[in-house]
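Asks: Predicted model follows, preceded by the sequence.
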Amino acid sequence: MELDCGVWLSLGGFHERGRDWPTTQRIYNCHALLDPAGHLVAAYRKTHLCDVELEGRVTMKESSFTNPGTEIVPPVSTPAGKLGLSICYDLRFPEISLALRRAGAEILTYPSAFTVPTGSAHWEVLLRARAIESQCYVVAAAQTGKNHERRTSYGHALVVDPWGAVVAQCREGPGLCYAEIDLDYLHRIRQEIPVHGHRRPGLTSMAGWRRLQGWQRCREPLAGTVKSRAGPRPLCFRPFLPKTQQQDALRAPPSPCAAARRVSPLFFGVPPKPLHCCGGAGAEGRSQALQ
């Protein structure tokens, strides 16, 4: 088809037998991108497998016959723009779309086979969300019709622009829709609302650092605070206990927080310096708690 029509084809998902087929007996769900000469330019293997159970409606266990892919494929340069590849259930994970956006993607593709219950509730809103947060065009081909006695696919293939507007959509049953990809419009939106430059990954890495260090923030009001633009912020953190220790902690008498750490809205990933304890522990106790 690409040779006859001179077009690029985004095709997915194909069931692919990988090199590990003899040992795993599981396939990969593959999204293939072909150029007008029929060459395979890129292949993405679905990284998130759909294991869901909607009581009385839909049960899927993709992991029972599919291996998850292990990597995201860099965006591919095409005449329409830089194309990022995903598949179906990946749509529920914004981390992939944001990673592709950081890598230069201008168009995100999601060939899919949503069920009727999940598609009618989530299909359009998820695609629009991915387009808005990444400021990319989103192109989503969709399987439609009855797969077998226990499953029917939702269909409704559509295209969303970087503003989040649906610019083309198929309705019930098989169909074809067209949309114009306007990269000048895309870059104007990114310039007017530069969310990519406003992201603060240090905030999430700080939370991850605290959790790895075994600390969580106190929830009760505290006397010790630090001033910030957002108003007073409590200084106090207490040890985070694994679930296996939570019952013992509940039976133990309440104790004041062992130590405190600096919290700032401008903090980016550097381990904070200890501040004053909010009461109850001496210097020795604070030193032990911070080790």
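Replies: Received, thanks.

Asks: Which segments of the chain make up each domain?
Replies: Following automatic domain parsing, one finds the domains of the chain at 2-198, 201-290.

Asks: Give me the residue ranges of the stretch 1-150 of the chain where confidence is low.
Replies: 1-3 (pLDDT under 70).

Asks: quick one: the helices in it?
Replies: For the stretch 1-150 of the chain, the helices defined by DSSP state H, counting those that start in this stretch occupy 2-5, 21-24, 94-102, 116-118, 124-134.

Asks: With distance to residue 188 added, can I get those in TSV?
Replies: All C-beta atoms are positioned from the backbone trio N, CA, C, and that covers glycine. Below are the helices of the stretch 1-150 of the chain laid out as TSV (distance: least, Cβ to Cβ, whole Å):
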stretch	distance to residue 188
helix 2-5	31
helix 21-24	47
helix 94-102	16
helix 116-118	34
helix 124-134	15
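
Asks: among the ones you listed, which is nearest residue 35?
Replies: Closest to residue 35 of the helices of the stretch 1-150 of the chain, according to Cβ to Cβ: helix 2-5, at 7.1 Å.

Asks: measure residue 16 to residue 43 for me?
Replies: Separation of residue 16 from residue 43 (Cβ to Cβ, to the nearest Å): 8 Å.

Asks: shared neighbours, these two?
Replies: Common neighbours of residue 16 and residue 43, using Cβ atoms under 8 Å, 6 or more residues apart in numbering, are residue 30.

Asks: who touches the nearest residue to residue 113 once chain neighbours are set aside in this structure?
Replies: Excluding its sequence neighbours, the residue lying closest to residue 113 (Cβ to Cβ, 6 or more residues apart in numbering) is residue 143, at 3.9 Å. For residue 143, the contact set (Cβ under 8 Å, 6+ apart) comprises 112-113, 153, 155.

Asks: just residue 107 next, same as before
Replies: If you count contacts by Cβ under 8 Å, 6+ apart, residue 107 has them with 78, 80-84, 136-139, 181.

Asks: now do residue 48
Replies: With Cβ under 8 Å, 6+ apart, residue 48 has these contacts: 68, 89-90, 92-93, 96.

Asks: Selection in PyMOL covering whichever of those residues are buried, please.
Replies: Those of the contacts of residue 48 that count as buried under 16 or more other Cβ atoms under 10 Å are selected in PyMOL with:
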select buried, resi 89+90+96
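
Asks: Restricted to strands, list the contacts of residue 48.
Replies: Using DSSP state E, the subset of those located in strands is empty.

Asks: could the contacts of residue 48 go into JSON lines alongside distance to residue 23?
Replies: JSON lines is the format used below for the contacts of residue 48 (distance: Cβ to Cβ, whole Å):
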{"residue": "68", "distance to residue 23": "16"}
{"residue": "89", "distance to residue 23": "25"}
{"residue": "90", "distance to residue 23": "25"}
{"residue": "92", "distance to residue 23": "29"}
{"residue": "93", "distance to residue 23": "28"}
{"residue": "96", "distance to residue 23": "27"}
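
Asks: Widest-spaced pair of the contacts of residue 48?
Replies: Longest span within those, Cβ to Cβ: 68 and 92, 14.3 Å.
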